[in-house]
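>>> Task: produce atomic coordinates for the following.
(chains A, B, C and D)
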There are 2 protein chains.
Amino acid sequence: MTWNLDSSRPIYVQIAEQVQLDIISGSYQPGAKLPSVRELASQAKVNPNTMQKALAELEKSGLVYSQRTSGRFITEDNEMIEQLKERLATTQIQEFLEKMSCMGFGPQDTLQLIEKILKEGQS
Amino acid sequence: MTWNLDSSRPIYVQIAEQVQLDIISGSYQPGAKLPSVRELASQAKVNPNTMQKALAELEKSGLVYSQRTSGRFITEDNEMIEQLKERLATTQIQEFLEKMSCMGFGPQDTLQLIEKILKEGQS
DNA sequence: ATTATTGTATTAAGTTATTAATACAATAAT
DNA sequence: ATTATTGTATTAATAACTTAATACAATAAT
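Numbering: from 1, shown residues only, chains lettered A, B, ... in the order given. Next up is the predicted model:
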């Protein structure tokens, strides 16, 4: 796990987002055990409380759960993960299209621009 | 001008972004005069300093300029505006594709998803 | 039973950034 | 010359977050 944190937004939010992405993308398998709060905090070089706060966020959504002394685990509910992934992707797309629209690019303009950029990137 | 502000990020950043969008999209024409800091602040219901800070941001990039007592104006440099628009769009697209990639959607997956969502939105 | 490891809770302090209040400065308009 | 309007600067207050220190709670391992 490599932590990519900056000061633009709260650390705990960034951590929560990154772990969430790892779950959605499958880097963390359903049911997998997470390292302890202290261990993760040490890796990310943040205070244990900050890590705790980040993980508590993920628990609110049910994505992870904790067992008092054995540790923390990713949910085994594959369905939930899939739904979240789908929902997040949809939101991302809609926000993106909205922003492009504000800049004066309609959906078709945007699609063409993306394809153009993808072609350029291949070189 | 309708101001759409929330507390997730600094107000002055959001204001700067929105004015920038208005310039890029053509809502503010090149050379146009902006309302005074106090007037804009009143409209947006923020402190004049906040508005001042937002506009100062745009001045750094050369998008607007101020004349001590006559007011603030949009740059007349059409070229600059066009370049910024292009650069911003490219950045938006790259960031978007990057995020989708982290979620496990490759470029082709993403394009298909966008098209699917656009079709649904028409109904 | 004891110990070590886990998550959790509480409180305080420090830091930073944002916002607000106010005063100052320049100049166009009169 | 005076006044009103503009942008600007300075300082203070507020808010949010992070860090830190510490204590508590539950249970698996021994």
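>>> how about A:Gln46, phi and psi?
Check again: residue A:46 is Val, not Gln. When read as degrees, to the nearest 10, the backbone of A:Val46 gives phi -130, psi 170.
>>> excluding its backbone neighbours, what's nearest the residue nearest to the spatial centre of chain A?
Centroid-nearest residue in chain A: A:Leu21, 3.0 Å away (criterion: Cα atoms, centre = their mean). Nearest residue to A:Leu21, sequence neighbours excluded (Cβ to Cβ, 6 or more residues apart in numbering or on different chains): B:Cys102, at 5.0 Å. Quick note: C-beta positions are derived from backbone N, CA and C, even for glycine.
>>> hang on, isn't that neighbour packed against A:Ser25?
Yes. The pair B:Cys102 / A:Ser25 is scored as a contact, 6.4 Å apart, by Cβ atoms under 8 Å.
>>> and stretch A:47-61, is it in reach of chain B?
No. Using Cβ under 8 Å from any Cβ of the partner chain, no contact is recorded between stretch A:47-61 and chain B, whose separation bottoms out at 14.8 Å.
>>> That stretch - what's its average pLDDT?
The average pLDDT within stretch A:47-61 is 94.
>>> mind saving the C-alpha coords of it as PDB?
Extracted C-alpha coordinates of stretch A:47-61, given in PDB (Å, rounded to 0.1, in the frame of the first residue of the first chain):
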ATOM      1  CA  ASN A  47      -1.300   9.600  14.000                       C
ATOM      2  CA  PRO A  48      -3.300   6.500  14.900                       C
ATOM      3  CA  ASN A  49      -6.300   8.600  15.700                       C
ATOM      4  CA  THR A  50      -6.300  10.000  12.100                       C
ATOM      5  CA  MET A  51      -6.200   6.400  10.700                       C
ATOM      6  CA  GLN A  52      -8.900   5.400  13.100                       C
ATOM      7  CA  LYS A  53     -11.100   8.300  11.900                       C
ATOM      8  CA  ALA A  54     -10.600   7.300   8.300                       C
ATOM      9  CA  LEU A  55     -11.500   3.700   8.900                       C
ATOM     10  CA  ALA A  56     -14.500   4.700  11.000                       C
ATOM     11  CA  GLU A  57     -15.800   6.500   7.900                       C
ATOM     12  CA  LEU A  58     -15.600   3.300   5.900                       C
ATOM     13  CA  GLU A  59     -17.500   1.500   8.600                       C
ATOM     14  CA  LYS A  60     -20.300   3.900   8.500                       C
ATOM     15  CA  SER A  61     -21.000   2.800   4.900                       C
END
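>>> what does that stretch rub up against?
For stretch A:47-61, the external contacting residues (Cβ atoms under 8 Å, 6 or more residues apart in numbering or on different chains) are A:11-13, A:15-16, A:19-20, A:34, A:37-38, A:40-41, A:44, A:64-66, A:72, A:84.
>>> and the longest helix for chain A?
Assignment by DSSP state H gives helix A:78-102 as the longest helix of chain A.
>>> How about residues contacting the next helix or strand after that helix?
Per DSSP states H and E, helix A:78-102 leads on to helix A:107-122 as the next helix or strand towards the C-terminus. With Cβ under 8 Å, 6+ apart as the test, helix A:107-122 has contacts from A:97, A:100-101, A:105, B:89-90, B:93-94, B:97, B:107, B:111, B:114-115, B:118.
>>> Right, I'll leave it there.
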